[in-house]
Structure formats: C-alpha cells, structure tokens
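Visitor: Need a 3D model of the sequence below.
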Amino acid sequence: MLQILLSAVLLVPGSSSGSPGNIYTSTFSIVAMDTLTGEYGVGVASKVLDVGYIVPWGEPGAGAVATQAQTNALFGPEGLEILRTGATAEETMESLLESDPEREVRQLGIVDVEGNSASFTGSETQDWAGSITGPGYAIQGNILTGPEVVEEMERAFLEKEGSLGGRLLAALLAGDAAGGDSRGRQSAAMVVFRENGGYQGCSDLLVDIRVADSDDPLGDLQRIYSKWCMWYVFPVYIDAGSPETEYAIGIMDDYLASGDVDAQTLNGLAWELAIRQLHPEKAVEIAIMAVEMEPEDANIMDTLAESYYALGEFEKAVEWEQKALELDPENAFFNEQLVKFLESLEE
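Guide: Down below sits the predicted model:
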C-alpha cells in the first residue's frame, strides 16, 4: 500500500527583530514523503509575496522541512543538516526549538528519511490556530478562517491517489476552498525532491513551481503543474517502474482531461509514448490531436509517423514522414526516419 506521510503547517504575518528571518507569513503548507518513491515535497500558499522563497526545504535521503509563522529561516538548512545524521523528525524539531528563544512564535513541520513526521505550533501564534495529527502526518494552522481548512487538507491528501505532487496540490486546493488564509491570496509554491529527478538528471528538483504574486495563485499553480508534469515529470516516471509508471499514466489522463492542452505538449507526450512503444494507440490519438491543432508543423508530423511505426502501421508511418519532408526536405533526422519506416514496410 502506498504510504505517504505529510506535515502541513500554516503561518502568520509579522516580524521580529530577534529572528534570522523577519517575515511573518499567514500560510497553509504541506510537507510530505512518498516512502515508495523516496520523494519529499512541500506545497504552500499564503497572503505574502513569494511564499515559496521562504517556507520549503528538502533533500533526498534526508527529509523535508517547512519553516514559517514568524519565520526562522535557519530552521530549513539546519534542519536538513540534523536530518542527514539520521535523527528523527521529532529529534530534529526538538533540537531546532531548543536553541530558539522565540520558538513560541514559530511553526515548523518536518518529515524524516523513514517517513516519521513532527510538527510544532508555538503558543503565541494567532487564531485560528490548531492542528490535526495522525499516523505519519500532522497539520497545523494559524490565522485561517477556521479548523475546516486543515480538516479538508487532511481529507484531500489522504483520499487522493497517485503521485506525491498531485496529492500536495489536492490538499492545497482543498484548504483554499475551505477558506484558507483569512487575509486572502497572493502566492503559492510546490516543490518535490527526488534524487536526480531534475531536468536531465542535473538536480534533485523534480517539481519546482513558485507563483510569486497573483490574484489566483493556486489556480496558476494548478495550471502550470499540469503542463510541468507532461514536460518534466512524465519522462522520469514512465521509465522508473512501479508505482511511478502508473503515476505517469494518471498524469497523462489528467492532462488530456484538463481541457487546457496545447499542440507542443501533446507532441511531446505522443513522442515519449511512441519511442517506448508504450500505448501506441494512445500515442497515435494524441499525435493526431496535435496535428489538427498545428497542421503545418513538420515535427508533429514526424511524431505521428513514429507513433504509427510503434503501432505497426508502417504505410501510414511512411506517409506522414513524407509529409514532414515535404515541409523540411533537408532535415537529416526526418530522412533517417523515412529509411527506418521503409525498411520495416519492406520486411
């Protein structure tokens, strides 16, 4: 059974001259781990400029931290440093708070490498403030419209199936729909950390979306995340095996059902399926959608040809590659593709 552990923390606005960071953020956020994939993530929304610049910290093989309320920014890097030693989430939290004389104005959420979670809400945080805890997760809130915010976040996160990012987003949307930050909306962010999960394997940031200033930050986050998944998450998941391959198919289905598709993203999706000869019928269907949206794009024609090739319909593969070459006759790759398709047709 997929085990996902989360800690969600909500913050307040203000400042303190005695703290390393002096921004007070009224925020709802989720820190989580998927123990099957080893991913950690943080989702956060607030009525403050670029809350994603302040709250989320994480590292594969260590854990994740959300530091907020009257924010002590050092809780992020110092928390990860403690987690790297193998300390539990509870031990890490106690160590951070012990050294902070202003801890009663802090809020803190931590998930460790084993998926244990811990949370803290200082006694001097402002209403509405409260928490929900359970096996592997804890949710706190401060300056929210009421307890229903954290209750709905918990429900949505635990009920949602699929990838960690999708579950984080579901919780944020549910919290916002229940009232969220009592002051309104301004920014939102979501980060998911996976070892070598970044673009071309050059970083650990599988997801890194930060909406700094918007009238509808979670709407923007949801829209960008849908496209982000197709360009950057889908290729990582589709080759990773279970459960990520199942996550990838779910991501694809969600995108296609979103009503907000574009030709180039469809083209990329069809190509990823076709070159793996995975769901070739779907690859053809998606590539045709892209061609209908941009009928003069030779690259999309090439993708449709590759999709027909994956399906074993070599005549149609040749037909569409020839159409691509009519638009771009000197394209060396298209010519190589045509030779491949013709050889398969002759065989």
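
Visitor: Strands of this structure, residue ranges please.
Guide: Using DSSP state E, the strands assigned to the chain run over residues 4-10, 24-25, 27-34, 39-46, 56-59, 63-70, 106-112, 117-121, 130-134, 137-141, 187-193, 205-211.

Visitor: mean confidence for the second one?
Guide: Think strand 24-25. Confidence for strand 24-25, expressed as mean pLDDT, is 65.

Visitor: picking up where we left off before, distance to residue 238 for the strands of the chain - can I get that in TSV?
Guide: C-beta here means a position set from N, CA and C on the backbone, and glycine is covered the same way. TSV is the format used below for the strands of the chain (distance: least, CB to CB, whole Å):
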stretch	distance to residue 238
strand 4-10	21
strand 24-25	36
strand 27-34	17
strand 39-46	16
strand 56-59	23
strand 63-70	25
strand 106-112	26
strand 117-121	30
strand 130-134	32
strand 137-141	29
strand 187-193	16
strand 205-211	13
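
Visitor: Output stretch 37-54 as PDB - backbone C-alpha positions only.
Guide: Written as PDB, here are the backbone C-alpha positions of stretch 37-54 (Å, rounded to 0.1, in the frame of the first residue of the first chain):
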ATOM      1  CA  THR A  37       9.500   6.500  -4.400                       C
ATOM      2  CA  GLY A  38      11.700   8.300  -1.800                       C
ATOM      3  CA  GLU A  39      10.300  11.600  -2.800                       C
ATOM      4  CA  TYR A  40       9.800  14.600  -0.500                       C
ATOM      5  CA  GLY A  41       7.600  17.500  -1.200                       C
ATOM      6  CA  VAL A  42       6.300  20.800   0.100                       C
ATOM      7  CA  GLY A  43       3.200  22.600  -1.000                       C
ATOM      8  CA  VAL A  44       2.400  26.100   0.300                       C
ATOM      9  CA  ALA A  45       0.000  29.000  -0.200                       C
ATOM     10  CA  SER A  46      -0.200  32.400   1.500                       C
ATOM     11  CA  LYS A  47      -1.100  36.100   1.500                       C
ATOM     12  CA  VAL A  48       2.600  37.100   1.300                       C
ATOM     13  CA  LEU A  49       4.900  37.800  -1.600                       C
ATOM     14  CA  ASP A  50       6.600  34.600  -3.000                       C
ATOM     15  CA  VAL A  51       6.000  32.300   0.000                       C
ATOM     16  CA  GLY A  52       7.900  29.600  -1.900                       C
ATOM     17  CA  TYR A  53      11.000  31.700  -1.400                       C
ATOM     18  CA  ILE A  54      10.600  31.400   2.400                       C
END
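
Visitor: Does residue 197 touch residue 205 like I think?
Guide: Yes - between residue 197 and residue 205 there is a contact under CB atoms under 8 Å: 7.1 Å.

Visitor: Which residue of those two possesses the greater neighbour count?
Guide: Applying other CB atoms under 10 Å to residue 197 and residue 205 shows that residue 197 carries more neighbours, namely 22 against 15.

Visitor: Could you pull up phi and psi at the more buried one?
Guide: With angles defined as degrees, to the nearest 10, residue 197 sits at phi -90, psi -10.

Visitor: which non-adjacent residue is nearest it?
Guide: Sequence neighbours aside, residue 206 is the residue nearest to residue 197 in space, at 3.6 Å (criterion: CB to CB, 6 or more residues apart in numbering).

Visitor: how close does residue 222 sit to residue 200?
Guide: Taking CB to CB, to the nearest Å as the measure, residue 222 falls 26 Å from residue 200.
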